[in-house]
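**Student:** The following block contains a protein sequence and its predicted model.
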Amino acid sequence: MTLVASQFITGISIGAVLLLIALGLALTFGQMNVINMAHGEFIMAGAYTTFVLQKVFSDAGVSLLVALPAAFVVAGLMGVLLEILLIRRLYARPLDTLLVTWGVSLMLQQLARDVFGAPNVQTRAPDLLTGNVHLWTGSDGVELTIASNRLFILGLVLVCLVALTLVLRLTPLGRRIRAVVQNRDLAAVSGVPTARVDRLTFFLGSGLAGVAGVALTLLGPIGPTMGTNVIIDAFLVVVVGGIGQLKGSVIVAFTLGVLQSGVEYATTLSVAKVIVFVAIVAFLQLRPQGLFTVRTRSLA
Amino acid sequence: MLEISAIDVGYGRSTVLHGLTLGVPGEGITAVLGHNGAGKSTLLRAAAGLLKPKRGSVRLFGEDITRLAPHERVRRGMAYVPQGQQCFPHLTTMENLRLIADGRRDGAAALADALDLFPALVPLAKRRAGLLSGGQRQQLALARALITRPRLLLLDEPTEGIQPSVVAEIEQKIVALGSSIAILLVEQHLRFVLSAAQRYHVLAAGRITASGDADPATETTVRAALAV
């Protein structure tokens, strides 16, 4: 029983990381349908922002707290810049967008190598986030624990999720973003400045990638290719979750996390990856539109 | 007020409107009649800014708006209610309206005025717009357009696909609006057009083939023009 609970908690923490890296993409890809291959590099930018801030603030806790908003702004601004310079010229040309942003992704990786060096670097975690948090002791004496950094990430993803949901549900910007997703032309002729809404959506989505980058510094070393390593997982979560809905990504991230953790326990990491991928392919064969989808009408 | 001069408009390589010229005066209802595929909706989409003319110009209050984005035209006093009772289906009725009222100085008052005009929407405020009936959605679409306090309203088949009990109400509202603002109306219902509008234009294959003062007495002439 404790074993199942332990694997479940591991799965939830894997899911939390997955969701955090996918949340920004759920906005830019899920809501705007932009395939931004450089999204992973915004995650990297968030991670390096933490690294740089640790040079400024000696206290790891302070630098982490400062890094969260700073990474959000840095990555968000990079996203806006990319949107203004390239992506907005390529709307409705998904293949071109994919290729161009992939090129940007390679350039940003090289830039990171030039500035920070090719080898991975390590950031310091605050003392509070090292070690384990004891959750429960089972009747068989087995202790159920969760790594405190993973608990922090779980909390962070919940905060991001709630904040994003509130922004989308309750603010004028949220209403505009949802309106543009549901019917872009109707939004435009209703007086919604769709280009500005696109830019702000891109800022939010890219900013969230930056926050994910900060979280990833707690899990291991950071390097120029760290974004590439996680971007495929992020796309998977959004595609399987369904375009245009956050709840799909949330369910899928945690389901994949638990599935991977369970299969990994029974087999090995590589086999678990293979089984999860096969499950995703099978699922998409049955439901190509993903778990949930927003039905939109075109202005015909 | 709205002057459309010699515009060519189309989709991709095909041209739907050929050198079309049309003026809409400052008040009253100007109707555009024509068969399916004549280019009526294309005309309104071009006026609203969703389609950019390949040639020619569109002027609003004397200003050239040919290259302006749709939301810039809304800011200059134009509102467009497209065909098919379109709404944002996953937003509630109230969210559909607040979306337009947000950021407008007179937003709250304009929203209240729109709800006064369409009181049937009040009890539906929290319902998702996608769950409303066709008639309710059309009232929502009109209310949304009116929140922008337009001086020119483009209406594309506002009574199409709506239950007859609501059609009369919507027609009444359109006639009432026509006394204070200018309306460019695309409508199939000929008798309503001739009784409500002041002017009509017949559109066929992307060109204006007949124009005149609208009057129920002219029905035979208009039918003949439409039959050509």
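**Tutor:** Yep, it's here.
**Student:** in chain B, which segments are predicted with low confidence?
**Tutor:** Low-confidence segments of chain B (pLDDT under 70): B:228.
**Student:** where along chain A do the helices fall?
**Tutor:** With DSSP state H, the ranges of helices along chain A come out as A:2-25, A:39-56, A:60-85, A:94-116, A:148-170, A:172-182, A:184-189, A:194-216, A:226-241, A:246-266, A:269-286.
**Student:** and the ones you listed as a markdown table, adding distance to chain B, mean pLDDT and mean neighbour count?
**Tutor:** Glycine gets a C-beta too; all of them are placed from N, C-alpha and C. Formatted as a markdown table, the helices of chain A follow (distance: least, CB to the nearest CB, whole Å; pLDDT from 0 to 100; neighbours: other CB atoms under 10 Å in any protein chain shown):
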| stretch | distance to chain B | mean pLDDT | mean neighbour count |
| --- | --- | --- | --- |
| helix A:2-25 | 19 | 86 | 22 |
| helix A:39-56 | 25 | 94 | 25 |
| helix A:60-85 | 16 | 94 | 20 |
| helix A:94-116 | 18 | 93 | 16 |
| helix A:148-170 | 9 | 92 | 17 |
| helix A:172-182 | 4 | 90 | 21 |
| helix A:184-189 | 4 | 92 | 25 |
| helix A:194-216 | 7 | 93 | 25 |
| helix A:226-241 | 16 | 87 | 22 |
| helix A:246-266 | 12 | 88 | 21 |
| helix A:269-286 | 23 | 87 | 13 |
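**Student:** Wait, residue A:202 touches residue A:79, no?
**Tutor:** Yes - if you go by CB atoms under 8 Å, residue A:202 and residue A:79 touch, sitting 4.7 Å apart.
**Student:** joint contacts of the two?
**Tutor:** Here residue A:202 and residue A:79 have residue A:28 as joint contacts, going by CB atoms under 8 Å, 6 or more residues apart in numbering or on different chains.
**Student:** and of the helices of chain A, who's closest to residue B:211?
**Tutor:** helix A:184-189 (26.0 Å; CB to CB).
**Student:** Tell me which residues are up against that closest one.
**Tutor:** With CB under 8 Å, 6+ apart as the criterion, helix A:184-189 contacts A:176, A:179-180, A:194, A:197, A:297-299, B:48-50, B:69-71, B:74, B:79-80, B:82, B:86-88, B:99.
**Student:** now stretch A:260-273
**Tutor:** With contact meaning CB under 8 Å, 6+ apart, stretch A:260-273 is reached by A:7-8, A:10-11, A:14, A:275-276.
**Student:** try 10 Å this time
**Tutor:** Residues outside stretch A:260-273 that contact it (CB atoms under 10 Å, 6 or more residues apart in numbering or on different chains) are A:3-4, A:6-15, A:18, A:233, A:259, A:274-276, A:279.
**Student:** element containing the most centrally placed residue in chain B?
**Tutor:** With distances taken as CA atoms, centre = their mean, residue B:155 lies nearest the centre of chain B, 1.5 Å away. Assigned by DSSP states H and E, residue B:155 belongs to strand B:152-156.
**Student:** Next SSE downstream of that strand?
**Tutor:** For strand B:152-156, the following helix or strand on the C-terminal side (DSSP H and E) is helix B:164-178.
**Student:** Output the following helix or strand past that following helix as CSV, nothing but the C-alphas.
**Tutor:** Using DSSP H and E, the helix or strand that follows helix B:164-178 towards the C-terminus is strand B:182-186. The C-alpha atoms that make up strand B:182-186 are tabulated as CSV, following Å, rounded to 0.1, in the frame of the first residue of the first chain:
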residue,chain,number,x,y,z
ALA,B,182,-26.8,54.3,-40.6
ILE,B,183,-27.3,50.6,-41.4
LEU,B,184,-26.0,48.6,-44.3
LEU,B,185,-28.3,45.6,-44.4
VAL,B,186,-27.9,42.4,-46.3
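**Student:** give the contact list for residue 16.
**Tutor:** No chain in the question, so chain A it is. A:150-158, A:161, A:215, A:253-254, A:257 are the contacts of residue A:16 under CB under 10 Å, 6+ apart.
**Student:** hm, I was asking about chain B
**Tutor:** Applying CB under 10 Å, 6+ apart, we find residue B:16 in contact with B:8-10, B:37-43, B:45-46, B:51, B:205-206.
**Student:** In strands, which of these appear?
**Tutor:** B:8-10 (DSSP state E).
**Student:** what residues are up against residue 21?
**Tutor:** Looking at chain A here, since you left the chain open. Counting by CB under 10 Å, 6+ apart, residue A:21 makes contact with A:39-40, A:43, A:157, A:208-209, A:211-213, A:215-216, A:227, A:229-231, A:233-235, A:237, A:253.
**Student:** right idea, wrong chain: chain B
**Tutor:** For residue B:21, the contact set (CB under 10 Å, 6+ apart) comprises B:3-7, B:56, B:207-208.
**Student:** change it to 6 Å
**Tutor:** Neighbour list for residue B:21: B:5-6 [criterion: CB atoms under 6 Å, 6 or more residues apart in numbering or on different chains].
**Student:** That one: what secondary structure?
**Tutor:** Residue B:21 falls in the strand class when you classify it by DSSP: H, G, I helix; E, B strand; the rest coil.
**Student:** how close does it get to residue B:70?
**Tutor:** Remark: distance between residue B:21 and residue B:70 (CB to CB, to the nearest Å) = 22 Å.
**Student:** Could you do residue A:22 as well?
**Tutor:** Distance from residue A:22 to residue B:70, by CB to CB: 32 Å.
**Student:** Quick one: name the residues of chain B near chain A.
**Tutor:** B:48, B:50, B:70-71, B:74, B:80, B:82, B:86, B:88, B:90, B:95, B:99-100, B:102, B:144, B:148 (CB under 6 Å from any CB of the partner chain).
**Student:** Looking at those, which are in strands?
**Tutor:** Per DSSP E, strands hold the following members of those: residue B:80.
**Student:** Nearest to residue A:35 among the residues of chain B next to chain A?
**Tutor:** Nearest member of these to residue A:35, counting by CB to CB, is residue B:90, at 23.0 Å.
**Student:** The closest one - how many residues pack around it?
**Tutor:** Burial of residue B:90, expressed as a neighbour count using other CB atoms under 10 Å in any protein chain shown, amounts to 19.
**Student:** if I pick it, what's in contact with it?
**Tutor:** By CB under 6 Å, 6+ apart, the residues touching residue B:90 are residue A:182.
**Student:** just residue B:10 next, same as before
**Tutor:** residue B:16.
**Student:** can you check residue A:5 too?
**Tutor:** residue A:144.
**Student:** Residue A:146 versus that one, what's the distance?
**Tutor:** From residue A:5 to residue A:146 the distance is 11 Å (CB to CB).
**Student:** cool, and residue B:190?
**Tutor:** The value you get for residue B:190 to residue A:146, if CB to CB is used, is 72 Å.
**Student:** Tell me which residues touch the residue lying closest to residue A:72 once chain neighbours are set aside, please.
**Tutor:** Excluding its sequence neighbours, the residue lying closest to residue A:72 (CB to CB, 6 or more residues apart in numbering or on different chains) is residue A:207, at 4.0 Å. Each residue near residue A:207 by CB under 6 Å, 6+ apart is listed here: A:72, A:75-76.
**Student:** The same query, at a cut-off of 10 Å, please.
**Tutor:** A:24, A:27, A:42, A:46, A:69, A:71-80, A:160.
**Student:** And for residue B:201?
**Tutor:** B:20, B:22-24, B:30-34, B:40, B:43, B:184, B:208-212, B:214, B:225.
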